[in-house]
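A.B. asks: All I have is the shape, not the residue letters:
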């Protein structure tokens, strides 16, 4: 499959602050991609570069085979905090979408609004956070993009609204085969819906890959205390923690680990992401892995 | 896009319509009496030496509500550009940036350049039309006053509120507001900065470039005591004389009373003629003997339309350049 987003050495600076450093990734089509990282890691920057709202400082980015430019019919975008015009009604937002997008699908838009129980004459400023996010998503979906970019769409939502939003998104993506890239600083939001993951920490991409593959190649090892350097070739220690007698490590290895001196466990997505985040934070030092 | 522009602008548009209606109604009520007086005093038919008729008209008209309406109309036209810049121009882009809705609208299938072009053209046109309507109304109803008063419509304050230049100021103020809003990205900041800048643009004309747009007339007049507008003699017996302008209602750029040597006449006045021992008659006789003359530079009221079109053209060019800057900025710099 071709890539929907390809970046080479992509760098974005705001004045002297670097928001994204030397990012080289290829996001394959047909996936629901989770872009995860702590606040300020560069997730919004990457997404805005991908929809042409920002221009790169250095490096190159191609989206659907082209240099991104805002105003493209092929890319849908839901910005952080899901902005809508507070003075316009729900119905007027749909009218706006219909006027400004040649590929507008009115039946999808109206269907979703009806399904969500939104009143078309209600002003968008009076909607709840969840309803507003749904309205913003409806606008992005009804223009029928090939690629849908969502920047922290569920950050402000309560758990129920979060689940409803993600379910709606999944249903749409599965039905239409649209590629989706969605950012969040919480892995829990993403692990149920994403099949591809990019971990972004401190303006750099730590790891990117399909979720199944990531889970298959990462292992949690625990056993008697020993130096991580003695682990052997082909095994990259992502994170390690030591007590006086015991060592626990998260290790990436394509080959299965069958060393009898270790007890080898699988790892869940959240622990995997946290391991990469702490690796970045530790600056090479061993650091205690904490969950939450 | 046109629908959206109207939808987001309609509240401001209705406010403008309401304000225009207020000024319009006031002028419509007072105008008939003004034109009645204009005819009944004979000023409307007068073609030369009309000063007495003008004084008669002013005497009667100044006591009526029409006089207040005349001031209101002129003030409205001077206030319109700042209001347009502050309330229509400045928030246009800065509000989108402040609320983050630019990320919503610029990711619809419309380029930023086109989005801005429709907004600039649409609202800019309304601004120019509104200013034009107001100017038409005010220029017409103020005609008799402008003719009768000491301040003709060529003078700085009235010139900016008559004819076609208000349309130019409306256009410049609007686009200037948009540009400031784009750069500052803050609604309140851009409104404040726009207010100051538009006021500066309005002041720049009379105090800066306007007199360079036409060749002012120069004139000399002989001194006579009847034509002296003011005469001061200070403690040091220095004399300051100001003569009436050569043309009533013209825009006087300089007006000096000079002695035979061509320099501004300052006296000194002799104590025995103009001092305590003297008398007004003695003083006047002495002044007459000094061979004084008036040297003045002024813009005649007959240059009104030439100057109007030139300044209007200049303002249109400025508005065009500012629009080009805004388009460039929204496409290249605003990220």
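C.D. replies: The structure has been received and is ready for your questions. Predicted, not measured: the structure shown is a model, and the values here were computed from it. Numbers count the residues shown, from 1 in each chain, chains lettered A, B, ... in the order given.
A.B. asks: Flag every residue of the stretch 51-200 of chain B that's near chain A.
C.D. replies: B:99-101, B:103-112, B:114-115 (C-beta under 8 Å from any C-beta of the partner chain). C-beta coordinates here come from the backbone N, C-alpha and C atoms, glycine included.
A.B. asks: Pass me the low-pLDDT residue ranges in the stretch 201-335 of chain B, would you?
C.D. replies: For the stretch 201-335 of chain B, applying pLDDT under 70 flags the ranges B:334-335.
A.B. asks: show me where it has helices.
C.D. replies: Along the stretch 201-335 of chain B, the stretches classed as helices by DSSP state H, counting those that start in this stretch are B:271-274, B:280-288, B:304-328.
A.B. asks: out of these, which comes closest to residue A:56?
C.D. replies: Judged by C-beta to C-beta, the one of the helices of the stretch 201-335 of chain B that comes nearest to residue A:56 is helix B:304-328, at 19.5 Å.
A.B. asks: Which residues does that closest one contact?
C.D. replies: Identification of contacts with helix B:304-328 by C-beta atoms under 8 Å, 6 or more residues apart in numbering or on different chains yields B:113, B:116-117, B:120, B:124, B:153-154, B:159, B:162-165, B:167-169, B:171-172, B:174-176, B:178-179, B:182, B:205, B:209-210, B:213-214, B:299.
A.B. asks: What are the buried residues along it?
C.D. replies: B:304, B:307-308, B:310-312, B:314-316, B:318-319, B:322-323, B:325-327 (16 or more other C-beta atoms under 10 Å in any protein chain shown).
A.B. asks: Spatially, which two of these are the most separated?
C.D. replies: Longest span within these, C-beta to C-beta: B:304 and B:327, 34.5 Å.
A.B. asks: packing partners for the helix or strand harbouring residue B:18?
C.D. replies: Using DSSP states H and E, residue B:18 maps to helix B:2-40. Counting contacts by 3 or more C-beta pairs under 8 Å, 6 or more residues apart in numbering or on different chains; DSSP states H and E, helix B:2-40 packs against helix A:90-100, helix B:51-61, helix B:65-83, helix B:112-141, helix B:143-148.
A.B. asks: what's the angle from it to helix A:90-100?
C.D. replies: Angle, helix B:2-40 to helix A:90-100, by axes from the mean of the first three to the mean of the last three C-alpha atoms, to 10 degrees: 100 degrees.
A.B. asks: quick one: helix B:2-40 to helix B:51-61, angle?
C.D. replies: Orientation note: helix B:2-40 sits at an angle of 120 degrees relative to helix B:51-61 (the same axes, to 10 degrees).
A.B. asks: Show the average pLDDT along helix B:2-40.
C.D. replies: Mean per-residue pLDDT for helix B:2-40: 90.
A.B. asks: what about that helix, distance to the chain center?
C.D. replies: 19 Å (C-alpha atoms, centre = their mean, to the nearest Å).
A.B. asks: Please pick the buried ones from the contacts of helix B:304-328.
C.D. replies: B:116-117, B:120, B:124, B:153-154, B:159, B:162-165, B:167-169, B:171-172, B:174-176, B:178-179, B:182, B:205, B:210, B:213-214, B:299.
A.B. asks: okay, residue 187: pLDDT?
C.D. replies: No chain in the question, so chain A it is. 83.
A.B. asks: Let me rephrase: I mean chain B.
C.D. replies: 96.
A.B. asks: Could you do residue A:230 as well?
C.D. replies: The model reports residue A:230 with a pLDDT of 73.
A.B. asks: ok, residue A:245 - how many residues close by?
C.D. replies: Residues near residue A:245, counting by other C-beta atoms under 10 Å in any protein chain shown, number 8.
A.B. asks: Roughly how far does it sit from chain B?
C.D. replies: 53 Å (C-beta to the nearest C-beta, to the nearest Å).
A.B. asks: who's in contact with that residue?
C.D. replies: A:224, A:225.
A.B. asks: Without its sequence neighbours, what residue ends up closest to residue A:146?
C.D. replies: Nearest non-adjacent residue to residue A:146, counting by C-beta to C-beta, 6 or more residues apart in numbering or on different chains: residue A:74, 4.7 Å away.
A.B. asks: what sits against that neighbour?
C.D. replies: Counting by C-beta under 8 Å, 6+ apart, residue A:74 touches A:64, A:145, A:146, A:147.
A.B. asks: Report how many residues lie close to the second one.
C.D. replies: Residues lying near residue A:145 (other C-beta under 10 Å) number 25.
A.B. asks: ok, it - contacts?
C.D. replies: For residue A:145, the contacting residues are A:73, A:74, A:75, A:76, A:178, by C-beta under 8 Å, 6+ apart.
A.B. asks: helix, strand or coil for the first one?
C.D. replies: Okay, so that is residue A:73. coil (DSSP: H, G, I helix; E, B strand; the rest coil).
A.B. asks: Pretty sure it sits against residue A:143.
C.D. replies: Yes. Assessed by C-beta atoms under 8 Å, residue A:73 is found in contact with residue A:143 at 6.7 Å.
A.B. asks: overlap in contacts of these two?
C.D. replies: A:101, A:103, B:109.
A.B. asks: tell me what the one helix or strand residue A:163 maps to is packed against?
C.D. replies: Following DSSP H and E, one finds residue A:163 within helix A:159-176. The elements that helix A:159-176 packs onto, with contact taken as 3+ C-beta pairs under 8 Å, 6+ apart, are helix A:129-142, strand A:179-184.
A.B. asks: where does chain A dip in pLDDT?
C.D. replies: A:1, A:279-292.
A.B. asks: All the helices of it, residue numbers only.
C.D. replies: Ranges of helices within chain A are A:43-50, A:90-100, A:106-116, A:129-142, A:159-176, A:187-191, A:211-217, A:269-282, based on DSSP state H.
A.B. asks: winner for burial among these?
C.D. replies: Most buried of those, by mean neighbour count (mean count of other C-beta atoms under 10 Å in any protein chain shown): helix A:43-50, with a mean of 25.
A.B. asks: what is the orientation angle of it with strand A:179-184?
C.D. replies: Angle of helix A:43-50 versus strand A:179-184, following the same axes, to 10 degrees, is 150 degrees.
A.B. asks: what helices or strands is helix A:43-50 leaning on?
C.D. replies: Using 3+ C-beta pairs under 8 Å, 6+ apart, helix A:43-50 is in contact with strand A:3-14, strand A:17-28, strand A:32-36, strand A:58-63, strand A:147-150, strand A:179-184.
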